[in-house]
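Student: sequence and predicted model, in that order:
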Amino acid sequence: MNSSADSPRRTQPVRTCLVDVAAADSVAPPSRWHLMGIQAMPGAPIDASTGRRVGLLAYGLLCYALCLATFVYAFGYMGNFLTPTRLDAPAAGATGPALLIDLALLLAFAVQHSVMARPWFKAWFTRFIPPPAERSTYVLLSCLVMGALFVAWRPLGGVVWDVQSPLARGVVQAVGAITLSRLSVGRCGYA
């Protein structure tokens, strides 16, 4: 029996993510996203309708727009202008609970940001979401954790450092603006 005659032939090229089509065909994808029509396995052929691809693109664009908005808000939050909350607002309560809340918020951001960036987590996570949506979901969840930090942060009060000279203050603010703009462009994936 000729095995090549029994196997179906592909008439159109298949787009793949990282691995050979033959290797991907030999393994069944562990996807729970069968309703979306996407094989959610790293390296598996991408088999999605145009509408679903457009949906994933729209989702990605919305997540990255939220990322940019989060960085713009962070700039005002840290620079104390044009935002309802501020990083170094006057203390509003006892130092101990405020310090614990602030440390918990920083820990939540660090854990989310670090764990979701690991390859083992990505491999596990793409069993539940389509691989093309993994990075956008990471960005979305990072923005949500940052939003929680902006809302729940408890200022400790006090002055750590202060620049009195208007010229020096302008230089410090300009360097901060340049740094944040470069970070926001690089971290949101635009560069």
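Tutor: That came in fine, so what should we check first? Residues are numbered from 1 along each chain as shown.
Student: for whichever strand or helix holds Leu107, name the packing helices and strands.
Tutor: Assigned by DSSP states H and E, Leu107 belongs to helix 95-115. With contacts taken as 3 or more CB pairs under 8 Å, 6 or more residues apart in numbering; DSSP states H and E, helix 95-115 sits against helix 134-152. C-beta coordinates here come from the backbone N, C-alpha and C atoms, glycine included.
Student: just the buried residues of the helix it packs on, please?
Tutor: Neighbour-count burial for helix 134-152 flags 134, 136-140, 142-143, 145-146, 149-150 (criterion: 16 or more other CB atoms under 10 Å).
Student: what pLDDT does Ile101 get?
Tutor: Looking at Ile101, its pLDDT reads 95.
Student: was I right to think it contacts Arg154?
Tutor: Yes - at 4.9 Å, Ile101 counts as touching Arg154 under the criterion of CB atoms under 8 Å.
Student: rewinding a little: what comes up buried for the very next helix or strand once past the helix holding Leu107?
Tutor: Next along the chain after helix 95-115, taking DSSP H and E as the criterion, comes helix 119-125. Neighbour counts over helix 119-125 (16+ other CB under 10 Å) mark Phe125 as buried.
Student: what does helix 119-125 rub up against?
Tutor: 42, 115-116, 134, 137 (CB atoms under 8 Å, 6 or more residues apart in numbering).
Student: check stretch 84-97 too.
Tutor: So stretch 84-97 is in contact with 77-78, 80, 98, 150-151, 153-158, 160, going by CB under 8 Å, 6+ apart.
Student: list phi and psi for Phe128.
Tutor: For Phe128, the backbone dihedrals (degrees, to the nearest 10) come out as phi -110, psi -20.
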